[in-house]
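> Curious how this folds, go ahead:
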Amino acid sequence: MEQDITRASDVTIENLLKHLANSKAKGCLQVSCDTFSSVSFFLYFWEGKLYYATNSLAPFERLERHLRRLSNQNSHLSNRVIKEVRQKVNNSVDAYIENPSDYQGILWLASGKTELQPTEIITLLRRLVREVIESLLCLPEPLIYKFVKQPHPLTELCSFDVNSYIDQCQKRIQAWQIFTTHVQSTYERLYLASEGTNNIPNLTAEQNQTLCKLLKGLNFRQISALIDKDELIVARLLYPAIIDGSVIIRSPKQPFDKLPDLPVENLFENITAEPEDWSITGGESKQNADGKETIQIIDKQWRIACIDDSTAIQEKIQKILEHNMFLVAKITKPMNALAELMEFKPQVIFLDIDMPQISGYELCSLLRNHHEFKTTPIVMLTGERGLVNLTKSKLVGATDYLVKPFNQSSLFNVLFKYIN
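Residues are numbered from 1 along each chain as shown. Below you'll find the predicted structure:
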């Protein structure tokens, strides 16, 4: 039985999904919106558990891309096998409510026709569902949805606990938001600014050798599949080069331009589930290698120290970096800075030049003479560009400087030069 199409102006997608989970729903939820009317999302529930999620936008490109990522670990997943999946099923979006064609392809892979292991099938499903839900959560309201009750579930390969899984997808979107000064979509294409370049600053020789070959128009997700690393790791590696212009970004290629951009501001509140709360059934430990990598990405915190006698500056930096990927030590008494820094062990230090008792130049010199901070990036803070003594800064070992007042963009621009 199909419910009437409903415009949900007062219901968020995360609340709707959690309602279906809590009410033990059985069927398919179809979601769309006027702004992105060319794409529909389909989520398949049984007894409140999520069995699968997909959308109508190039579902087999998505499936083949994730299979290619798995092929880094499974040599039996050849290009022939990956391409064969599409040929084995009826590729019709019209039948998606009852039997999505990309899921049919996964069932074929799981039927013993290939040497894909059960744990690899579940890893594949996790990554596919995660990508779809991340795009779904970025849809602007109001939403248009309909729920179609079904007498039978999809053939079960695994199932997801909706409440914890939605919370973790929200956490990942929050993690992406620290890059949104320059990155608007995970489907944006990346190029080297100079075609002959084979050296991106801040990357190792091995990373340069791998990534420079790929920065020819592939998007974040495609690069992720080819190097077998999470998209957030790709963004973290390349962001300093994006900031300094070594890598340039172009808009998503069709059809990915039909998907919503990343939100610039936090859309989600009261995210309480921890990464360890992920609940996935189907014969796989919830702490597999892929899950652990995701947990490490979300939970990894960069340790930033700010030495400034101004509480206003301390609060501003704290507000900008209040995202859970940063841990900020606010040091307002410069004479106590060394002891506090030794305990905190920051990855980057912001140091005000004009302070009582000891100047930023003097303190910077002291820090550089201490074995713990010989190589730690130290960014000098100054109220006016004219007051920065570049020669003196270089002599005392300062790495860079930031002029006050600064905004989020300028702070991130200097910060991401050094935290990789």
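> ok now do Arg303, which residues does it touch?
With contact taken as Cβ atoms under 8 Å, 6 or more residues apart in numbering, Arg303 is in contact with 327, 329, 344-347. For every residue, glycine as well, the C-beta is placed using N, CA and C.
> Neighbour-wise, give me the winner out of those residues.
The most neighbours of any of the contacts of Arg303, using other Cβ atoms under 10 Å, belong to Pro346, which has 22 neighbours.
> Need phi/psi at it.
Recorded main-chain torsions at Pro346 are phi -70, psi 160, according to degrees, to the nearest 10.
> and if you look at Thr197?
phi -70, psi 140.
> Touching, it and Leu211? I think so.
No. Thr197 lies out of contact with Leu211 (Cβ atoms under 8 Å); the separation is 10.9 Å.
> higher neighbour count, the two?
Legend: neighbour count by other Cβ under 10 Å for Thr197 and Leu211, higher for Leu211 (22 against 14).
> what's near enough to touch that one?
So Leu211 contacts 200, 203, 223, 227, 237-238 (Cβ under 8 Å, 6+ apart).
> how near is it to Glu61?
22 Å (Cβ to Cβ, to the nearest Å).
> mind listing the helices for the stretch 201-350 of the chain?
For the stretch 201-350 of the chain, applying DSSP state H, counting those that start in this stretch gives helices covering 205-211, 220-227, 231-244, 289-299, 311-320, 337-344.
> wait, doesn't Val132 sit right on Thr54?
Yes. Judged on Cβ under 8 Å, Val132 makes contact with Thr54 at a distance of 5.7 Å.
> Need the overlap of contacts for these two.
Contacts common to Val132 and Thr54, judged by Cβ under 8 Å, 6+ apart, are 41, 62.
> pretty sure Ser310 is in contact with Asp352, am I right?
Yes. In this structure, Ser310 sits in contact with Asp352. The criterion is Cβ under 8 Å, and the distance is 7.1 Å.
> higher neighbour count, the two?
A side-by-side neighbour count of Ser310 and Asp352, using other Cβ under 10 Å, places Asp352 first with 23 against 16.
> check contacts around that one.
With Cβ under 8 Å, 6+ apart, Asp352 has these contacts: 307-310, 313, 360, 380-382.
> now, among those, which is nearest to Phe373?
Taking Cβ to Cβ as the measure, Phe373 lies nearest Ile307 of the contacts of Asp352, at 11.7 Å.
> Specify the beta-bridge partners of the closest one.
Ile331, Leu351 (DSSP bridges).
> doesn't Pro334 make contact with it?
Yes. Counting by Cβ under 8 Å, Ile307 touches Pro334, with 5.7 Å between them.
> if you count what's nearby, which of these two comes out ahead?
Taking neighbours as other Cβ under 10 Å, Ile307 and Pro334 compare with Ile307 leading, 29 against 21.
> Return the distance of that one relative to Phe416.
Looking at Ile307 against Phe416, where the rule is Cβ to Cβ, the gap reads 20 Å.
> What of Leu109?
For Leu109 relative to Phe416 (Cβ to Cβ), the value is 39 Å.
> try Gly397
Relative to Phe416, Gly397 is positioned 21 Å away (Cβ to Cβ).
> Kindly report the same for Ile317.
Counting by Cβ to Cβ, the separation of Ile317 from Phe416 is 15 Å.
> give me phi/psi at Thr382?
Note on Thr382: backbone dihedrals following degrees, to the nearest 10 are phi -140, psi 150.
> So it is in contact with Phe406, correct?
No. Checked against Cβ under 8 Å, the pair Thr382 and Phe406 is beyond contact range at 10.4 Å.
> Tell me, how many residues neighbour the closest residue to Leu136 other than its chain neighbours?
Once its chain neighbours are removed from consideration, Leu136 has its nearest residue in Phe41; the separation is 4.9 Å (Cβ to Cβ, 6 or more residues apart in numbering). Counted with other Cβ under 10 Å, the neighbours of Phe41 add up to 24.
> Can you give me the domain boundaries for this protein?
The record assigns the chain these domain ranges, following automatic domain parsing: 6-177, 189-250, 301-409.
> Ok, which of the ones you listed comes nearest Val264?
domain 6-177 (7.2 Å).
> How far does the closest one sit from its chain's centre?
Domain 6-177 sits 18 Å away from the centroid of its parent chain (Cα atoms, centre = their mean, to the nearest Å).
> re the thing from before, of the domains of the chain, which is nearest Pro263?
Taking Cβ to Cβ as the criterion, domain 6-177 is the member of those that comes nearest to Pro263, at 6.0 Å.
> rewinding a little: worst mean pLDDT among the helices of the stretch 201-350 of the chain?
Sorting the helices of the stretch 201-350 of the chain by mean pLDDT places helix 289-299 lowest, at a mean of 54.
> hmm, back to that, can I get the contacts of Asp352 in a markdown table with distance to Ile249?
Formatted as a markdown table, the entries for these read as follows, by distance: Cβ to Cβ, whole Å:
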| residue | distance to Ile249 |
| --- | --- |
| Ile307 | 34 |
| Asp308 | 33 |
| Asp309 | 39 |
| Ser310 | 35 |
| Ile313 | 31 |
| Gly360 | 35 |
| Met380 | 30 |
| Leu381 | 29 |
| Thr382 | 31 |
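> From the residues you listed, keep the buried residues only.
Buried positions within the contacts of Asp352, assessed by neighbour count (16 or more other Cβ atoms under 10 Å), are 307-308, 310, 313, 360, 380-382.
> Determine which two of those residues are furthest apart.
The distance between the two most remote of these (Cβ to Cβ) is 14.2 Å, for Ser310 and Met380.
> hang on, the earlier thing: compare the contacts of Leu211 and tell me which is most surrounded.
If you rank those by neighbour count (other Cβ under 10 Å), Leu238 sits at the top with 26 neighbours.
> do you know how far that one is from Val348?
18 Å.
> now do Ser164
33 Å.
> now do Ala193
Look at Ala193 and Val348: by Cβ to Cβ, they are 25 Å apart.
> ok, now Thr35?
For Thr35, the distance to Val348 under the criterion Cβ to Cβ works out to 38 Å.
> go on, Val183?
As for Val183, its distance to Val348 is 20 Å (criterion: Cβ to Cβ).
> So for the longest helix seen in the chain, mean pLDDT?
When the chain is scanned for its longest helix (criterion: DSSP state H), the result is helix 118-137. Taken as a whole, helix 118-137 has a mean pLDDT of 94.
> cool, and stretch 146-162?
Looking at stretch 146-162 alone, the average pLDDT works out to 91.
> How about stretch 301-308?
Across stretch 301-308, pLDDT averages out at 90.
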